[in-house]
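Q: Have a look at this prediction, sequence included:
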Amino acid sequence: MSIKAIADAWKADLKTFPSDERVYLDSRKEIYPPFGSDLTYTLVSSTPTQPGSHNLTGGNAYYMLELTDPVTVRARVYPNFAYNIGSNQNIWSWYIDATHRLDLRYADDTAQHRYIVGWIDGGSERWLYGPQYSDNSHQAWTDIDVVIDFANSQATLYIDRVAVDPSWSGSPDAKGMNYPLLEIRSFAGSEGDYKINHVRVFPSLEATATQVANDYKDVKNEEIIWHFNGEGCGRTRCNITRFVAGIYSNKQIEDPVTAQQGANELRLQLFNKAGEFSDDQYAAFDPTADAFNGLVTQKYLQERCRIEAETWYSNSYELFFTGLLDENRFKRRTPADTDGISRVDLNAEDMISIIGRKFKRSAQAFEDKKLSDATEANSLIHLITRLATKDDIYNFASNSSFENDTIGNSWLLGGTSSSKALTRESGGLFGSYEAQLVNGDSPNNAFAYQTVTFTGIKKLNVGETYTFFIWLKCADACSYIIHLAERDSSVQTGSSQTTYIISGGEGWDLWAVSHTIIDSTSDRLRMYIRIDDDVTLSMDGAMLIQNDRAINWFILNNNDGVDGVESADDADSDSYDTIGFDCDAVNVTHPWALVPRDTPIWDHLKDLGDACGNMYLGLDECGTLKLRAKLKTGYSDPSSLETITAVRSIETNIVAAQANKLVGHGVMIKKLTNVVAMWMAEAEGAFDKATGSSKMISEEVANGAYWPDDQPAGDPRGETWAMYGKVT
């Protein structure tokens, strides 16, 4: 295809396939990791082109995400089943029980095969209906939008941006319950057979038909998006495209001289008309009012915010950058030759810059692993990368979902109430049980508490912040406090508290309190949940973490304490993927790979790339780690000709041709199964004292002198000998 033909095609299709670039800022960096069933992914198909690097193709997941009023949800799905399937195929749901739920599914509804939305809150179920299918035409990528305003009994179902049902099938139930858990690709754990490309949730937004049709192009509201680019995290973000004064992106390739890869880069210049991006100006976080920094206690713009940039063609998008701001964050300046509007310059790098800054605190060895393999547990490229991209989060609260038989091992009962009680009962939000704290003697109080000691390896340090959060539920109205107390072995040295307010009957709600350590003598933390009303308070999902706020994740710590006291060293932890992988399989087994302590993870990945004969090792535009290697199984040179189906501007540069070269470095490692003498003290001959037939290490120190003595200046030995024990 000639350059002229490409240009003519581009001009002809310009009105039909307009391009659009959008920039999103995640100032609050809220992440929703999956828990529950494992998720599986496959690389996206090139025909038709799908956004991102992967599709979600298996499993289901739960997310700690409250159903808001109103709410807008979009899902891009591909059904793998025939139109006349005889069972419901679930896409997403907020589920409490059979009479309290909201869900989107493809339903076998009295032989009318279609997408439906079902809603019931203790009364009668109502529906939104899509068109009926009589053949397999539904087997295509479909964007399904659900827009609901519970307070005004309004709802609309859109399929591919067309409103197919503008109202409920009857008068709907009012929303009276909290719905804390979102399921994706399932309903009450029952999975639907779909490929899912992405899901977008706009909390507290009742989207208009225009906003749906325009793919939410001009929506200011914060959204939560699941790209499913090989990992299952949802992330908050805000559209800031309207402030962009200039944008520049730079895609890194391998340096032809040093064979090094670098981080992809994005540079932005933003108009700062009224202090929207001034990190020293504070207002309640509200992206619809262009307030992004939050309160003085939050200072979101002083963080390394996440940045995403997309380009759109018609109704499909592609990410062209995913990363974080660099250390300069929001650089503000006001040019003298402008209208006085300040500018903010942003420089962002992808996760390679983060991996390059990560060091392993302890050595890690891997034995008999492939250089790169589809079985990730057997693949060095996956295992070593995750040393940098998967951070462990510890829950210090033992018996955290009250599953253990004896609640009194970890949680104790206190208070002045004569009728207080603390019991373990069936139910709960996580697992099969909950705790119930009873008080029938108001105004006297009752409280449950647990003490976590930091007297072992893990210590408390002044300035560290810890957060205690727990889910509470009560059938009756009540209000009191949860608090986190800092203590030494005998007295309280500091404390922070939060007042919870429960209306009664609304279901599970999350409450949190954070505390910063103020006393160097403190060696334990104590969590309290208090009531002073005549109520029964249900509790579940307790978490104590080292963080300045609650996280959207639950980690089970099923350890038991002793008499309400547990050691921080016994804390259970978990981790989640933050990047996906798109790596060629290199079927070479490495007998013994070592990542020494205090060495950059990225250095080892570059060495691993060299061993694979890599043409590219780095992150792609979606934040997915990509390895392209000449040692891959069945490698062949890619075709030099490609078909261009959607054309934009084309730039060319003349680059001097260079000869291909291959540089290899290696160390022979031979593994022996027999015992081999590595070093013998006596044969070494460096010991000058003997007792009997044995030689000893000895160094005499004069009375009053210090050990070890300094070596003389310039002494190359740099040795110190000390007696370890007498040999008799």
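A: Now that the structure is in, tell me what you want to look at. Note that the structure is predicted; figures quoted are calculated from it, not measured.
Q: and residue 272, what are its bridge partners?
A: Beta bridges link residue 272 to residue 342, judged by DSSP bridges.
Q: can you check residue 537 too?
A: Counting by DSSP bridges, residue 537 forms beta bridges with residue 437, residue 474.
Q: so what are the domain limits for this protein?
A: Domains of the chain are assigned by automatic domain parsing as 34-232, 394-574, 679-728.
Q: for the ones you listed, which one sits closest to residue 299?
A: Using Cβ to Cβ as the measure, domain 394-574 is the one of those that comes nearest residue 299, at 10.9 Å. (Glycine included, C-beta is placed from N, CA and C.)
Q: want to throw the domains of the chain into CSV with mean pLDDT, mean neighbour count and distance to residue 321?
A: As requested, the domains of the chain are arranged in CSV below (pLDDT from 0 to 100; neighbours: other Cβ atoms under 10 Å; distance: least, Cβ to Cβ, whole Å):
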stretch, mean pLDDT, mean neighbour count, distance to residue 321
domain 34-232, 94, 19, 13
domain 394-574, 96, 18, 25
domain 679-728, 56, 10, 49
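Q: among those domains, which is nearest residue 331?
A: Nearest to residue 331 among those is domain 34-232 (23.9 Å), distances taken as Cβ to Cβ.
Q: hmm, back to that, could you dump the domains of the chain to a markdown table with distance to residue 240?
A: Output for the domains of the chain, formatted as a markdown table (distance: least, Cβ to Cβ, whole Å):
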| stretch | distance to residue 240 |
| --- | --- |
| domain 34-232 | 9 |
| domain 394-574 | 23 |
| domain 679-728 | 57 |
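Q: out of those domains, which comes closest to residue 367?
A: domain 679-728 (22.8 Å).
Q: Tell me which of the domains of the chain lies nearest to residue 288.
A: Smallest distance to residue 288 across the domains of the chain (Cβ to Cβ): 4.6 Å, for domain 34-232.
Q: about what we covered before: nearest approach to residue 629 belongs to which of the domains of the chain?
A: When the domains of the chain are ranked by proximity to residue 629, the top entry is domain 34-232, at 16.1 Å, counting by Cβ to Cβ.
Q: Any idea how far the closest one is from the middle of the chain?
A: Computed by Cα atoms, centre = their mean, to the nearest Å, the separation of domain 34-232 from the middle of its chain amounts to 21 Å.
Q: And stretch 284-296, by the same measure?
A: Averaged over its C-alpha atoms, stretch 284-296 has a centre that lies 23 Å from its chain's centre (Cα atoms, centre = their mean).
Q: likewise stretch 460-475?
A: What separates the centre of stretch 460-475 from the centre of its chain is 20 Å, taken as Cα atoms, centre = their mean.
Q: Output it in CSV with nothing but the alpha carbons.
A: What follows is the C-alpha trace of stretch 460-475 in CSV, where atoms were taken according to Å, rounded to 0.1, in the frame of the first residue of the first chain:
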residue,chain,number,x,y,z
LEU,A,460,6.3,-0.2,66.7
ASN,A,461,8.1,3.0,65.7
VAL,A,462,7.1,6.6,66.3
GLY,A,463,5.5,8.0,63.2
GLU,A,464,4.1,4.8,61.8
THR,A,465,0.4,4.8,61.1
TYR,A,466,-1.9,1.8,61.7
THR,A,467,-5.5,1.4,60.7
PHE,A,468,-8.1,-0.8,62.3
PHE,A,469,-11.3,-1.5,60.3
ILE,A,470,-14.2,-3.8,60.7
TRP,A,471,-17.7,-4.5,59.2
LEU,A,472,-20.6,-3.9,61.6
LYS,A,473,-24.3,-4.6,61.4
CYS,A,474,-27.3,-4.1,63.7
ALA,A,475,-31.0,-4.6,63.4
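Q: So that it lines up with my notes, have the first residue be 43 from now on.
A: Done: numbering now begins at 43, and the last item shifts to stretch 502-517.
Q: could you pull out the strands for the stretch 243-392 of the chain?
A: Using DSSP state E, counting those that start in this stretch, the strands of the stretch 243-392 of the chain run over residues 265-268, 276-281, 286-292, 307-314, 348-355, 358-367, 373-375, 384-391.
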